[in-house]
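>>> The sequence and its predicted three-dimensional model are supplied below.
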Amino acid sequence: MLETAKRLLNPSRRSDVPSFIVMDVMAAAARIELAGGRVIHMEVGQPAAPAPKTAIAAAQAALAKGRIGYTEALGIASLRARIAQHYDDIYGVTVDPRRIVVTTGSSGGFVLAFLTLFEPGDRVALANPGYPPYRHILSALDCEPVLIETSAADRWALTGDALITAHRRKALAGVVIASPANPTGTMMDAEHLSSLITAAEAEGIRVISDEIYHGLDYAFPAVTAAKFSERALIINSFSKYFCMTGWRVGWMVVPPSLTRTVERLQGNLAISVPTLAQIAAQAAFDGREEMEAVKHGYEENRRILTQGLPGAGLDKFLPVDGAFYLYADISRFSNDSLDFANRMLEQAGVAATPGIDFDPIHGKDFIRFCYAGSAAEMHEAVQKIGAWLKR
């Protein structure tokens, strides 16, 4: 009887996914702060700036009216139309609002996308290094993540040739691409992205384009997959450029034939995205001037780190094209990025994310710094890291 009762409490095999290590670092930093210590937060990819004033004002006005109810499963119609307009305004691409699905952040979008496109056992290609929950969500859904190595020769971006080589080895059902990418901050230009999508679709490989860091581009303007294909499924969010991480609202651009499928899944899994967040998100588009000022702050932070870290001892890092990440090689100091991150937090008061979160193969040699904080914090971080490494 006791053994039977114990089995009732065993978690499912599918739930056995690795931790998202950045959240563990965040928790460790919080414990130090609770004990009275000071931490410079460079671990979580989260803007320090608040949501646009326009978004906050719209949410306050909605709350003042009283009742906040459900919305349509696909999202508020006016928000979907405004997102579609965004594609015309920013990229010169026409997107039918009926193809827009509002999601619970990009995370909710990935769950919907993977459930819509893939069967259990399907193999889905991912660039390595890459965002950990791609792998973890796919694994929880009984799909197989297939890591494809990137290199400096290709500016740390997935290429069509590498994708097709992996596909020839064993068939792939899909590929997730990201530009700007996390953790590398690198970007694909229009030619590179177009050739990758063309190569994938010619082989029947379904494309998911993660565009959550669009707007945060410094080397050259980001380009959307919607420019090259109506068959690609695009995921974006208000979390990064619009500084609305905790509001948990994102969107998808879905191929027309799949909209009803996504709608059914969304209705069952979430009913709808929180209404207040949707109202705020629509108003966020009117706060672009404020968000551009925040972006210019990131550019200054990027300059501080790229110029300051080499003097501190971290002189090897990947191109910092976009997003708000710098992915630094620490191999001259350690071959254990988790230990390095723990010691840097405890001894220097700087929280950053070990590369093993993003790359189970070579991540032991890398650390990701998020530079979404203030310029003063970036200067302080450079000073503290340099003093710590030179002890």
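Alright, I've got the coordinates. Residues are numbered from 1 along each chain as shown.
>>> Now do the contacts for residue 108.
The contact partners of residue 108, by Cβ atoms under 8 Å, 6 or more residues apart in numbering, come to 248, 250, 270, 273. Quick note: C-beta positions are derived from backbone N, CA and C, even for glycine.
>>> do that again at 7 Å, thanks
250, 270 (Cβ atoms under 7 Å, 6 or more residues apart in numbering).
>>> Wasn't it part of a helix?
Yes: counting by DSSP: H, G, I helix; E, B strand; the rest coil, residue 108 is part of a helix.
>>> Please determine how far it is located from residue 251.
Using Cβ to Cβ, to the nearest Å, residue 108 is found at 10 Å from residue 251.
>>> For residue 264, pull up the helix or strand it's in.
Assigned by DSSP states H and E, residue 264 belongs to helix 259-269.
>>> what's next to that helix, contact-wise?
Contacts of helix 259-269 (Cβ under 7 Å, 6+ apart): 73, 74, 98, 99, 101, 112, 115, 116, 252, 254.
>>> Angles on the backbone of the closest residue to residue 41 other than its chain neighbours, please.
The shortest distance from residue 41 to any non-neighbouring residue, by Cβ to Cβ, 6 or more residues apart in numbering, is to residue 351 (5.3 Å). Dihedral pair for residue 351: phi -100, psi 120, per degrees, to the nearest 10.
>>> In three-state terms, label residue 135 for me.
Residue 135 - assigned by three-state DSSP - is helix.
>>> Find the nearest non-adjacent residue to it, please.
Closest to residue 135 by Cβ to Cβ, 6+ apart is residue 145, at 4.2 Å.
>>> one step back: hmm, residue 44 and the residue nearest to residue 41 touching each other?
No: counting by Cβ atoms under 7 Å, residue 351 does not reach residue 44; the two are 8.3 Å apart.
>>> Between the two, which has more neighbouring residues?
Between residue 351 and residue 44, residue 351 has the larger neighbour count (other Cβ atoms under 10 Å), namely 26 against 16.
>>> Would you check how far apart that one and residue 182 are?
17 Å.
>>> in stretch 233-253, what counts as buried?
The neighbour-count check on stretch 233-253 (16 or more other Cβ atoms under 10 Å) flags 233-245, 247-253 as buried.
>>> Just those residues: which are in strands?
233, 234, 235, 236, 237, 250, 251, 252, 253 (DSSP state E).
>>> Could you identify the pair within these that is furthest apart?
Across these, the longest distance by Cβ to Cβ is 14.3 Å; it joins 233 and 237.
>>> From the chain's centroid, how far away is the top helix by length along the chain?
Using DSSP state H, we find that the single longest helix of the chain is helix 288-312. Computed by Cα atoms, centre = their mean, to the nearest Å, the chain-centroid distance of helix 288-312 equals 19 Å.
>>> Now do it: which elements does it pack against?
helix 375-389 (3 or more Cβ pairs under 7 Å, 6 or more residues apart in numbering; DSSP states H and E).
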